[in-house]
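In: Predicted model follows, preceded by the sequence.
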Amino acid sequence: MKIARHFFALLVLVLTLLLPACDFGFLNTPHDNSDASLRVEESAIDGGIRYQYFDGDSLKYYEDHFITDSLTNQVQRFNAAGVLQYSYLYQYDGNDHKTLTAYYDAANQLVWYQASHYSAGLVSAVAEYDAANLLQWAARYAYGLDIAQPEYNQVTMYARFDGTGNLVSGFTQTWEAAEQPLLKTEYQAAADRSRSRGLLSLTAPAAPAADTLPAMPAPADLVALGVVAYTYNLYDTNGATELCFNADWYPTSLRRVDSRIDNIPVKVELEWDGTRIARKTSHYGAIMALDVAVEYDAGGFPNLFRTSGAALLLPLDYAIVYDANRVPTRLNVSSNDALLHYFVIGYGGPGISLAVDAVRGFDPFAFTAALDSAELDIAHYDGDDVLIETFSFAKSGNVVTVTVRDAAGNATGSYQASYGADGLAVELAAYDAADTQLWVCRYGYDDAMMVAESTLPGADFGRLTENLKLTDITDFAKAFLMDLLL
């Protein structure tokens, strides 16, 4: 299956207009978890260790961890004034497996506890009870056992039950290799009534035996609940990509961890309005790099894209104007309702009428794919109606050339996009007026990507995944940003 192409004109406009106004500084921003930003001081106490957490010179809270034989058996958290907030009690079996986690309030009263049961060294069941020993929820685990390599035992099925023993959710998991999950299928009943409540002195409760819990259901029982989500994992030499889908195989998120950017996770999330993209957000670590909100006209065509985020120096709105035949004729670029630029779109041949189809991909502009082969002539004006430059598109074989001219008609440079025989982009390059190459981005594809496209029904991952497999890391950050902006 070929990946749907972007409206190449928009790519050029982004390259010429937006990238110079982008802020790439966030790529060098430290990425800390909220608690990780606190300064921690350790000190010995009778029976354990005290951890004090400071924000600057201000103590926020501290925890006392009591340890026996290298195992933490109790944790007590206090606020900065030394008032107990809550406590945890832990118990273990002879193999150091945690069998009990109990939570107590500030008055040392049991609030809830979780009991874990094991079989052949693997957790087989977990159940949570309230202070009165009433079951709140339970879970069962099944594994694909590998006796020769027991460390490779992986969960292949999970089932969760509510407090009355009704099956409410679960998942099945297939594995590509010993430690690489492949496809996760999640199931859930219409209303999941199971619940879990937060933390707490310290008389240990007596947990019921595992055989009092609901038995592992048959796979067909999970299927009967209804699929709610899928998770697919791809692997290559530089890292891993996780793709999440809803029950209809529309992608909801893509998460990439890549050694070439210090394993800082890149994540793209989608919100759907039925079968069309309503919002696309892109994160670089904890930083919101780009947020694109999409609005549609009465005919279902995208007519406004609102963008913001750390990748932009200022928020920008893109409004697409169509003629009566659904041919794009103009693109307005504004910020805070002030028109900054606009682009008038002309056609060397007949205008191409667009159709809105259901696209299971990450590209809000996928509906413009038909324009890739159009002979476009685009005039770029500023907000005061002054012509700045023009773009002329020409296609020869698998190469699309975009010639850029100034307001006087003098050629100032060009862009070339090259495609392979399978229709996938392999190179995007920029040239000056003397045809000297200024920069180039090359795209590569690995077997995992191609397998996924042939396996997942109707899935279309778009150019983002291609850019995440760039072989030239010097262009990685800019190419990554190009894709976020599209």
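Out: Okay, I see it.
In: all helices for this protein, in order.
Out: For the chain, the helices defined by DSSP state H cover 8-13, 219-225, 447-455, 462-467, 476-484.
In: And the pLDDT at Gln52?
Out: Note for Gln52: predicted pLDDT of 92.
In: Might you report the residue contacts of it?
Out: With Cβ atoms under 8 Å, 6 or more residues apart in numbering as the criterion, the residues that contact Gln52 are Val40, Glu41, Glu42, Ser43, Leu59, Tyr62. Backbone N, C-alpha and C define where each C-beta goes, glycine included.
In: swap in Lys98?
Out: Tyr90, Gln91, Tyr92, Ser116.
In: pLDDT and distance to Asp236 added to those residues, as TSV?
Out: Shown next, in TSV, are the contacts of Lys98 (pLDDT from 0 to 100; distance: Cβ to Cβ, whole Å):
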residue	pLDDT	distance to Asp236
Tyr90	92	39
Gln91	90	43
Tyr92	91	39
Ser116	91	35
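In: and which of these is nearest Ala407?
Out: Nearest to Ala407, judged by Cβ to Cβ, of the contacts of Lys98 is Ser116 at 72.1 Å.
In: how much space between the closest residue in space to Val399 that isn't next to it in sequence and Thr412?
Out: Distance criterion Cβ to Cβ, 6 or more residues apart in numbering; nearest residue to Val399, sequence neighbours excluded, is Ser418 at 5.2 Å. From Ser418 across to Thr412, the span is 21 Å (Cβ to Cβ, to the nearest Å).
In: Stretch 61-79: which residues count as buried?
Out: Tyr61, Tyr62, Glu63, Asp64, His65, Phe66, Asn73, Gln74, Val75, Gln76, Arg77, Phe78 (16 or more other Cβ atoms under 10 Å).
In: Turn those into CSV, including pLDDT.
Out: Shown next, in CSV, are the buried residues of stretch 61-79 (pLDDT from 0 to 100):
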residue, pLDDT
Tyr61, 93
Tyr62, 92
Glu63, 92
Asp64, 92
His65, 92
Phe66, 91
Asn73, 88
Gln74, 91
Val75, 92
Gln76, 92
Arg77, 93
Phe78, 93
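In: Could you tell me which of the residues you listed belong to strands?
Out: Among the buried residues of stretch 61-79, the ones falling in strands (DSSP state E) are Tyr61, Tyr62, Glu63, Asp64, His65, Phe66, Asn73, Gln74, Val75, Gln76, Arg77, Phe78.
In: Low-confidence stretches in the chain?
Out: Low-confidence segments of the chain (pLDDT under 70): 1-37, 145-152, 177-179, 190-203, 355-373, 422-425, 443-486.
In: domain parsing for it?
Out: The record, using automatic domain parsing to delimit domains, assigns the chain the ranges 8-30+227-484, 83-225.
In: between those, which gets nearest to Phe54?
Out: Taking Cβ to Cβ, domain 83-225 is the member of the domains of the chain nearest to Phe54, at 17.0 Å.
In: follow-up on the earlier one: closest to Ile49 out of the domains of the chain?
Out: Judged by Cβ to Cβ, the one of the domains of the chain that comes nearest to Ile49 is domain 83-225, at 14.6 Å.
In: How far does that closest one sit from its chain's centre?
Out: 26 Å (Cα atoms, centre = their mean, to the nearest Å).
In: Could you do stretch 291-299 as well?
Out: Here stretch 291-299 is found 21 Å from its chain centre; the criterion is Cα atoms, centre = their mean.
In: How about stretch 71-87?
Out: Chain-centre distance of stretch 71-87: 35 Å, with Cα atoms, centre = their mean.
In: May I have it as PDB, with CA atoms only?
Out: Coordinates of the C-alpha atoms in stretch 71-87 are reproduced here as PDB (Å, rounded to 0.1, in the frame of the first residue of the first chain):
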ATOM      1  CA  LEU A  71      13.400  -4.900  50.500                       C
ATOM      2  CA  THR A  72      11.300  -1.900  51.300                       C
ATOM      3  CA  ASN A  73       8.600  -3.000  53.700                       C
ATOM      4  CA  GLN A  74       7.100   0.400  54.700                       C
ATOM      5  CA  VAL A  75       7.000   3.900  53.300                       C
ATOM      6  CA  GLN A  76       5.600   6.900  55.100                       C
ATOM      7  CA  ARG A  77       5.200  10.300  53.500                       C
ATOM      8  CA  PHE A  78       5.200  13.500  55.600                       C
ATOM      9  CA  ASN A  79       4.600  17.100  54.500                       C
ATOM     10  CA  ALA A  80       7.200  19.800  55.100                       C
ATOM     11  CA  ALA A  81       5.900  20.400  58.600                       C
ATOM     12  CA  GLY A  82       6.400  16.700  59.500                       C
ATOM     13  CA  VAL A  83       2.700  15.700  59.500                       C
ATOM     14  CA  LEU A  84       2.000  12.200  58.300                       C
ATOM     15  CA  GLN A  85       0.100  12.200  55.000                       C
ATOM     16  CA  TYR A  86      -0.200   8.400  54.200                       C
ATOM     17  CA  SER A  87       1.700   5.100  54.500                       C
END
